[in-house]
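S.K.: Sequence and computational prediction follow.
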Amino acid sequence: MMPRSLHAHSDDSVGIALSALEAGCEEHGVTILEPIAAGHKFALQSIKAGTSVIKLGQSIGLANQDIPAGAHVHEHNLSCTGHANRNVVGIDIRQPAPRMEQYRGYVRPNGKVGTRNFIGILTSVNCSASVAKKIAAYFTYERLTHYPNVDGVIAFSHMSGCGMAKEGRGIDNLRRTITGYALHPNFAAVLLIGLGCEVNQIDPLLDSAEMQRSANLQTLIIQEAGGTSAAIEAGIKAVANMLPAANAATRQNVSAENLTIGLQCGASDGYSALTANPALGVAADILVAAGGKVVLSETPEIYGAEDLLLRRAANPKVAQDLIDRLNWWEHHAARDGASLNNNPSPGNKAGGITTILEKSLGAVAKAGSSPLNAVIDYAETITAAGLSFMDSPGYDPCSATGQIAGGAHMILFTTGRGSVFGSLPAPTLKLASNAALVRRMEADIDVDCSRVLNGTSLIEIGSEIFDRILKTASGMPTASERLDLGESEWVPWVPGAVY
C-alpha cells in the first residue's frame, strides 16, 4: 500500500501529500487543517513568517506569513527569494566505477554512430518550409516499402532565417542548430533547402570543414531551381537518389560510450522530484559509467538549485561558466520586468510546485551525481565525457532542439501532469512520475516511475530506464514514435530582434 503522505528528508518542514488528504486526518504527527490535493505540501510544524520552507533538504522559499502545522503550503503563503549558495565549487565530486555496455547502432562513414536511419530535409529559412514539407510528404509509407532500413523522410521547418541581424547570438544559434542537425548521425543523408535571398544564406552554413566533408549532404535553392514546383520536383529526385545508400545501412554492436542523451522534464508535478527525476538521474549515472555523454539544459529551471551542480563542477571555470549563464538569465528576465520565479507554469502549480526553487530541485535530480565537466552554448556540439550543461530556455521543444543539435541520440523526458512531446530524428522516451498519469495517458508513457512510492528502489527503476535506453538505441520504438510525434517540435532558439 502506498502511504498517503511523505516526510522526504529529516530536515524538511513540509510533508508531501501522495493522495488527497481531508481536513482533520493525522499525518506524521500533525492534524491536517484543510484539504490538501495530491502532490501538494503541508506544514509539518509551525513555520514563522520570514523563515525558510524546507523540502528535500533544501530551501524552496520563505514563508510570507505565519504557517500553522497542518496547513496547506503553496502560493498564498510561500514566496520565492534569493538563489542557492554558490561558494561550494567542486566539494562533492564522485567518479562512477566504469562498466561495459553495448547496443546496436548505425556506424557512419565518419565514425559517428546513429540510433535511427532517417533522411532529413532541413530549411535555412521559413520561406523554404512548404517546399521541404511537400518533398517529405511525397515519400509515403508505400513509396518507402522497397527501403525497409530507412526509418522515414522527415522535414524540419522553423519560423526564422530572415528579418534578423546578420551577426549576433540569434543567427549564431540558428546556424549551429541547422549544422548540428545536418551532421547528426541519426540521418543517413540530408537535403538542405534555402530560398536564395534570405539573411541566413546556405553558403556560410557550409563553411565548416565537417560540413564540407559530409558526402551525404546536398543543397537546393528554390530561386535557382526555378520556383516552388521545380524545387519540389528537384528535391524529390534528390531524396530518391539518397534512398539506396541509406537503405544499405545496417546495425552492428557498438559500445554505449557512443551514446549521448538529453535530459528534459515538462509538465512537472509534486511527485517529479521524488520519482521520475531521481530515477532518471540513476540511469544517467549508469550511462556516464559506461563512457556515454549526458546533457542537462533549461537554465532557468536549475535556478535556486545550482549549488547541487556547482558542488560537482570539475573545475572553477566550469562553475563560473554556469554562474555566468544564470546571471544572464536573471538580467534577461529583469529587462522585461519579470523574474525567474515566473517559470513554474499553471500546470506545475496545480500539481503542487510553488516556486522555481522547488521546481529546480527536481530538474537537477535528472542529472544524477556524476561530475559536471562542461558548460556549453545552445546547440554547441557535446564533446566532453560524462555530464555537460547546455544553456537553453526552459521551453521544452526549444531546449530539446538544442540538445539534439549538440548530438543527443535521444531525449529522456520526465512528466507529471502529462506531456505529449516527441522529437526527431532523436526519439523521446517518456517517464511518468505518478500512477494516475499512467492510467490517464498510458499510450504516451514508456516507463512508470511511480513505483518508487510503493517501495521499488530508485536503483531498480533507474536500471530499468537504462535498459530502455539501450533498447531504444538499438531500434525499439518509443511511445512518441508509435504516435508519430516529433516533426513539429523543431524549435531553434533565436533570441534577438525581428526586423
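M.R.: Everything's here; your move.
S.K.: C-alpha only now, for contacts and for neighbours.
M.R.: Noted.
S.K.: In terms of residue numbering, what are the domains of this protein?
M.R.: Domain ranges of the chain: 5-79, 118-248, 256-482, per automatic domain parsing.
S.K.: winner for burial among those domains?
M.R.: Highest mean neighbour count of the domains of the chain: domain 256-482, a mean of 23 (counted as mean count of other C-alpha atoms under 10 Å).
S.K.: pLDDT (mean, whole number) over that domain?
M.R.: In this model, domain 256-482 has a mean pLDDT of 94.
S.K.: Check the offset of that domain from the chain's centre.
M.R.: In this view, domain 256-482 has its centroid 5 Å away from the chain centroid, taken as C-alpha atoms, centre = their mean, to the nearest Å.
S.K.: Any idea how far apart the tips of that domain sit?
M.R.: 24 Å (C-alpha to C-alpha, to the nearest Å).
S.K.: Tell me the spacing between the closest residue in space to Leu485 that isn't next to it in sequence and Ile178.
M.R.: Once flanking residues are discounted, Leu485 sits nearest to Gly422: 4.9 Å by C-alpha to C-alpha, 6 or more residues apart in numbering. The gap separating Gly422 from Ile178 is 19 Å, by C-alpha to C-alpha.
S.K.: so where do the strands sit in the stretch 151-300 of the chain?
M.R.: 152-156, 187-194, 217-221, 252-255, 260-266, 293-296 (DSSP state E, counting those that start in this stretch).
S.K.: Quick check: which of these is nearest to Glu358?
M.R.: Smallest distance to Glu358 across those (C-alpha to C-alpha): 13.8 Å, for strand 260-266.
S.K.: List of residues touching that closest one?
M.R.: Defining contact as C-alpha atoms under 8 Å, 6 or more residues apart in numbering, one finds that strand 260-266 is touched by 277, 292-298, 363, 366-367, 396, 400, 403-404, 407-416, 418-419.
S.K.: what's the answer for stretch 316-331, then?
M.R.: So stretch 316-331 is in contact with 89-90, 299-300, 303, 310, 313, 339-340, 372-375, 389, 391, going by C-alpha under 8 Å, 6+ apart.
S.K.: can you pull up the bridge partners for the residue nearest to the spatial centre of the chain?
M.R.: In the chain, the residue lying closest to the centroid (C-alpha atoms, centre = their mean) is Gln264, at 2.7 Å. Beta-bridge partners of Gln264, counted by DSSP bridges, are Phe413.
S.K.: so Gln102 bridges to which residues?
M.R.: Beta-bridge pairing of Gln102 under DSSP bridges involves Ser255.
S.K.: got a list of what it touches?
M.R.: 253-256, 470.
S.K.: could you dump those to CSV with distance to Gly281?
M.R.: CSV is the format used below for the contacts of Gln102 (distance: C-alpha to C-alpha, whole Å):
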residue, distance to Gly281
Asn253, 25
Val254, 23
Ser255, 21
Ala256, 17
Leu470, 16
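S.K.: Now do stretch 22-32: everything it contacts.
M.R.: 5, 7, 21, 33-36, 42, 44-45, 69-71.
S.K.: run the last query once more with 10 Å
M.R.: 3-7, 15-17, 21, 33-37, 42-45, 68-72 (C-alpha atoms under 10 Å, 6 or more residues apart in numbering).
S.K.: May I see the domains of the chain organised as CSV, with distance to Ala97 added?
M.R.: As requested, those are exported to CSV (distance: least, C-alpha to C-alpha, whole Å):
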stretch, distance to Ala97
domain 5-79, 27
domain 118-248, 28
domain 256-482, 6
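S.K.: Nearest to Ser488, out of those domains?
M.R.: Here domain 118-248 is closest among the domains of the chain (C-alpha to C-alpha), at 7.3 Å.
S.K.: what's the straight distance from one end of that closest one to the other?
M.R.: So domain 118-248: terminal residues 12 Å apart, C-alpha to C-alpha.
S.K.: tell me how far that domain is from the chain's mean position?
M.R.: The answer for domain 118-248 is 24 Å, by C-alpha atoms, centre = their mean.
S.K.: Show the average pLDDT along that domain.
M.R.: Domain 118-248 comes out at a mean pLDDT of 96.
S.K.: Glu306 and Gly362 touch, don't they?
M.R.: No: using C-alpha atoms under 10 Å, Glu306 makes no contact with Gly362, being 11.6 Å away.
S.K.: could you dump stretch 172-190 to CSV, C-alpha only?
M.R.: Coordinates of the C-alpha atoms in stretch 172-190 are reproduced here as CSV (Å, rounded to 0.1, in the frame of the first residue of the first chain):
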residue,chain,number,x,y,z
ASP,A,172,24.7,32.0,-34.4
ASN,A,173,22.2,29.8,-32.5
LEU,A,174,20.2,29.2,-35.7
ARG,A,175,23.3,28.2,-37.7
ARG,A,176,24.6,25.9,-35.0
THR,A,177,21.2,24.2,-34.8
ILE,A,178,20.9,23.6,-38.6
THR,A,179,24.5,22.5,-38.8
GLY,A,180,24.1,20.1,-35.8
TYR,A,181,21.1,18.5,-37.4
ALA,A,182,22.7,18.3,-40.8
LEU,A,183,25.6,16.3,-39.2
HIS,A,184,23.5,14.3,-36.8
PRO,A,185,24.3,10.5,-37.1
ASN,A,186,20.6,9.6,-37.0
PHE,A,187,20.4,11.0,-40.5
ALA,A,188,21.7,8.8,-43.3
ALA,A,189,21.5,11.8,-45.6
VAL,A,190,20.3,15.4,-45.6
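S.K.: From the contacts of stretch 316-331, which land in helices?
M.R.: Leu310 (DSSP state H).
S.K.: The nearest residue to Phe139 once chain neighbours are set aside pairs with what?
M.R.: Nearest residue to Phe139 in three dimensions, chain neighbours excluded: Val153, at 6.5 Å (C-alpha to C-alpha, 6+ apart). Residues in a beta bridge with Val153, per DSSP bridges, are Ile119.
S.K.: Would you quantify the distance from Val153 to Leu263?
M.R.: According to C-alpha to C-alpha, Val153 and Leu263 sit 26 Å apart.
S.K.: hey, what's Gly114 bridged with?
M.R.: Tyr106.
S.K.: picking up where we left off before, and the residue nearest to Phe139, what does it touch?
M.R.: Contacts of Val153 (C-alpha under 10 Å, 6+ apart): 117-121, 133, 135-141, 144, 187, 189-190, 239, 243, 425.
S.K.: and with 6 Å instead?
M.R.: 118-120, 136 (C-alpha atoms under 6 Å, 6 or more residues apart in numbering).
S.K.: Report how many residues lie close to Ala249.
M.R.: For Ala249, the tally of surrounding residues (other C-alpha atoms under 10 Å) stands at 16.
S.K.: how far away is it from Ala189?
M.R.: Taking C-alpha to C-alpha, one finds Ala249 at 11 Å from Ala189.
S.K.: How about Ala71?
M.R.: 59 Å.
S.K.: start to end distance for stretch 10-18?
M.R.: End-to-end for stretch 10-18, by C-alpha to C-alpha: 18 Å.
S.K.: go on, stretch 202-215?
M.R.: 16 Å.
S.K.: Ok, stretch 179-198 next?
M.R.: 17 Å.
S.K.: got the residue ranges for the strands in the stretch 351-499 of the chain?
M.R.: 372-376, 386-390, 410-415, 428-432, 447-448.
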